[in-house]
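[1] sequence and predicted structure, then a few things I'm wondering about:
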Amino acid sequence: MNSTVENESIVITLGKRIDTNNAPQVEQEIDEIIKANEGLTPAFDALELEYISSVGLRILMKYCKATGKKIQIRNVSKDVFDIFETTGFTNILDVQKKMREISVEGCELIGSGGYGMVYRIDPETIAKIYLPQVSLEMVKKERDVAQKAFLAGVPTAISYDVVRCGDSYGVVFELLNAKTVAQHMADDPSCVKEMGVRSANLLRELHKIEVKDNLIPNRKEEMLAWIENIKCILEPSEVEELTAFIRAIPDSDHFLHGDFNSKNIMVNGDEFLLIDIGDAAVGHPVFDLAGLLLPYVYLPQSPMPDEEKVRLLGFRLEDAPLMLKTMLATYFGYDENDEQQYGMKMQLLNPYAALLASYHGSRRTGFNVDLMRQTHLPLIKGRLLPAIRQTKPIDW
């Protein structure tokens, strides 16, 4: 019996049948897995399960009672779901039907990023397919955040289905003939300024939206929690510096997209719609504005091959500076040719961009200490800490 760890759960794969003949052996194997993963909540993958008898249901009930939680049973076929439903176990367990399988073979690739790729499935729908290492929990979190953001007034495309695509999970959106902002700029570089102005105006409107009742995470609190995960590679004085820097960021309950780049904005007629908002949060606008430097400054300056940079950026590298200059000038309301203002804004945002680069980079390692020391400690010590020592308090 196979099992995998996903965050705070141990996911146990069930076999084809659980009946009177094999129930004792199944129960023993599950017990051994749970004992070996003490502290993790059990969950079950029923992708291969074709039949479960009443004795099998009682085994699952045992773990539900032991944890005091509604145990998750995922990838349940229609026939097996009928058994759970008929016996009333859908009220006791978190029974999730098997996801629809899709293929992106031959589909148009309209965007790609650090966590997955976006494909045009047909004229009416697109699908974001995550990398194989991205858990189902993270995929569902993004879907839930998108729904909450929509209810808060954010112009986001709503996903209506979570699907399987080979070894990966995906989310399907309904978007009629929509293209990303990056696609528009790649197809017609003369529209970079127009896209920059419209994108910045959208960002300003997003930052006017107040989100109450803890609907989505607080970015500042997430950053403070992040320090707890990386303090093992830092000196105590450096931990204090970072903590003080983050605490000094003014509190705010305004909406943040979390990854506001041109591949995450769909142009649907005259309407701009957001996708990929799994990193949405509430907080000070500086987080989103500093985040613009990651695709438009950090990425073009990275040592990776230009072909890979263009794939990640989504349009010509030489147009990235113009996109950033136009967006900052539009957002803050100064003339786009005012180099002094642009320099001041870049100086203001640079420390927070270094903070975001360190934050996202260490998260992608799973907070693996060796990887963080090798790949992200130089960024923290060489760029982030010197930058925050030069920064001034935010007064806007």
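    Sure, I can see it.

[2] low pLDDT regions in the chain?
    Within the chain, the ranges that satisfy pLDDT under 70 run 113-114, 176, 213.

[3] what's the domain layout of it?
    3-98, 108-174, 179-388 (automatic domain parsing).

[4] can I get the ones you listed in TSV with mean neighbour count and distance to W396?
    For every residue, glycine as well, the C-beta is placed using N, CA and C. Output for the domains of the chain, formatted as TSV (neighbours: other C-beta atoms under 10 Å; distance: least, C-beta to C-beta, whole Å):
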stretch	mean neighbour count	distance to W396
domain 3-98	16	37
domain 108-174	18	22
domain 179-388	18	8
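
[5] could you list everything the residue lying closest to T67 once chain neighbours are set aside pairs with in the sheet?
    Once flanking residues are discounted, T67 sits nearest to T41: 6.0 Å by C-beta to C-beta, 6 or more residues apart in numbering. On the basis of DSSP bridges, T41 takes part in beta bridges with S9.

[6] would you confirm that T41 contacts G68?
    No - the criterion here is C-beta atoms under 8 Å, and T41 misses it with G68 at 10.1 Å.

[7] dump the residue contacts of S9.
    L40, T41, P42, A43, Q72, E137 (C-beta atoms under 8 Å, 6 or more residues apart in numbering).

[8] whoops, P217 was the one
    P217 neighbours (C-beta under 8 Å, 6+ apart): A280, A281, V282.

[9] now do P300
    K309, L313, L317, A320.

[10] just the element for Y160, please.
    strand 159-165 (DSSP states H and E).

[11] pull up the pairing partners for the next helix-or-strand element following that strand, direction included.
    Using DSSP H and E, the helix or strand that directly follows strand 159-165 along the chain is strand 168-174. The pairing partners recorded for strand 168-174 under DSSP bridges are strand 125-130 (antiparallel), strand 159-165 (antiparallel).

[12] mind putting the ones you listed in JSON lines, distance to A248 included?
    Converted to JSON lines, the strands paired with strand 168-174 look like this (distance: least, C-beta to C-beta, whole Å):
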{"stretch": "strand 125-130", "distance to A248": "35"}
{"stretch": "strand 159-165", "distance to A248": "36"}
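
[13] select, out of those strands, the one closest to G88.
    Among the strands paired with strand 168-174, the nearest to G88 by C-beta to C-beta is strand 159-165 (25.3 Å).

[14] middle-most residue in the chain, spatially?
    For the chain, the residue nearest the mean C-alpha position is G278 (3.6 Å; C-alpha atoms, centre = their mean).

[15] Three-state assignment for it, please.
    At G278 the chain is in coil, as set by DSSP: H, G, I helix; E, B strand; the rest coil.

[16] sorry, back to before: so who does the residue nearest to T67 touch?
    Counting by C-beta under 8 Å, 6+ apart, T41 has contacts E8, S9, I10, T67, K69, I71.

[17] still on that earlier bit, check contacts around the residue lying closest to the residue nearest to the centre of the chain once chain neighbours are set aside.
    Leaving aside its sequence neighbours, G278 sits nearest to E142 (C-beta to C-beta, 6+ apart; 3.2 Å). By C-beta under 8 Å, 6+ apart, the contact list for E142 reads V171, D276, I277, G278.

[18] recalculate using a threshold of 7 Å.
    V171, I277, G278 (C-beta atoms under 7 Å, 6 or more residues apart in numbering).

[19] next: V163.
    Listed by C-beta under 7 Å, 6+ apart, the contact set of V163 reads M99, R100, E101, I102, A127, G170, V172.

[20] so how far is R373 from D253?
    36 Å (C-beta to C-beta, to the nearest Å).

[21] right, I mislabeled it, should have said P236
    17 Å.

[22] what do you get for C165?
    Taken as C-beta to C-beta, the span from C165 to R373 is 34 Å.

[23] V163 now?
    From V163 over to R373 (counting by C-beta to C-beta), the distance is 37 Å.

[24] closest one of the contacts of T41 to M61?
    I71 (8.8 Å).

[25] mind listing what E8 touches?
    Applying C-beta under 7 Å, 6+ apart, the residues near E8 are L40, T41.

[26] please renumber the chain so that the first residue is 874 from this point on.
    Done: numbering now begins at 874, and the last item shifts to E881.
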